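1. compute the structure for the input listed below.
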Amino acid sequence: MLSSVEACGCEVKCDQMRAHPSTRLRMLGCAVVLAKTELLLANGDLTTLGDFAIIPNVDTRTQAKLELRARIIKAMAHPTRLFIVDELSHGERCVYELTEMVGADMSTVSKHLAILKNVGIIRDQKRGSQVYYTLRCPCVLDFFECVESVIKTSTDEQAELAR
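-> Below you'll find the model as predicted:
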């Protein structure tokens, strides 16, 4: 049995979707790639389909905004990608430099760069045979500061409990 979720006005087919009133979701012009075809019902108020969650009683505009935020945060949720973003905060780097810094093979680093580029965190520019990367949105570094504050607060609270 095939069901569908509307994404960008086109239909995406999913053969394992079970009925839930809010499974038809219009993503308001955002590209949606369904990496998985699973639908989980968690006590009726949270449904996930592939890589995005459907929250009943949330309008589609808010839902789309939340999904975009989640995609960006998910793209950064890897130590290598965090390292790359941090390195790019000091200026542009070519793939070769980043590969040397990370200590992984070129294809692995290129995959990490593609993930960051696809969500708009970095941009690339080809010059000759080299591709150079820069931060597209340096404000992402503010997020790092926020994460560091959470770590410090959590550590301080743990230390206080240990006393």
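2. how's this structure carved up into domains?
-> Using automatic domain parsing, the domain parsing of the chain gives 3-74, 78-163.
3. where among those domains is average confidence lowest?
-> Ranked by mean pLDDT, those end with domain 3-74 in last place, scoring a mean of 52.
4. tell me where the longest helix sits in this structure.
-> Taking DSSP state H as the criterion, the chain has its longest helix at helix 140-162.
5. return that one as PDB; C-alpha atoms alone will do.
-> These are the backbone C-alpha positions of helix 140-162, laid out as PDB (Å, rounded to 0.1, in the frame of the first residue of the first chain):
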ATOM      1  CA  VAL A 140      27.100  29.600  13.200                       C
ATOM      2  CA  LEU A 141      30.000  30.300  15.600                       C
ATOM      3  CA  ASP A 142      27.500  31.900  17.900                       C
ATOM      4  CA  PHE A 143      25.900  28.500  18.200                       C
ATOM      5  CA  PHE A 144      29.300  27.100  19.300                       C
ATOM      6  CA  GLU A 145      29.400  29.700  22.000                       C
ATOM      7  CA  CYS A 146      26.000  28.700  23.100                       C
ATOM      8  CA  VAL A 147      27.000  25.000  23.200                       C
ATOM      9  CA  GLU A 148      30.100  26.000  25.300                       C
ATOM     10  CA  SER A 149      27.800  27.800  27.800                       C
ATOM     11  CA  VAL A 150      25.600  24.800  28.100                       C
ATOM     12  CA  ILE A 151      28.600  22.600  28.700                       C
ATOM     13  CA  LYS A 152      29.900  25.000  31.400                       C
ATOM     14  CA  THR A 153      26.600  25.300  33.100                       C
ATOM     15  CA  SER A 154      26.100  21.600  33.100                       C
ATOM     16  CA  THR A 155      29.700  21.100  34.500                       C
ATOM     17  CA  ASP A 156      29.100  23.700  37.200                       C
ATOM     18  CA  GLU A 157      25.900  22.000  38.200                       C
ATOM     19  CA  GLN A 158      27.500  18.600  38.300                       C
ATOM     20  CA  ALA A 159      30.300  20.000  40.500                       C
ATOM     21  CA  GLU A 160      27.800  21.700  42.800                       C
ATOM     22  CA  LEU A 161      25.900  18.400  43.200                       C
ATOM     23  CA  ALA A 162      29.200  16.500  44.000                       C
END
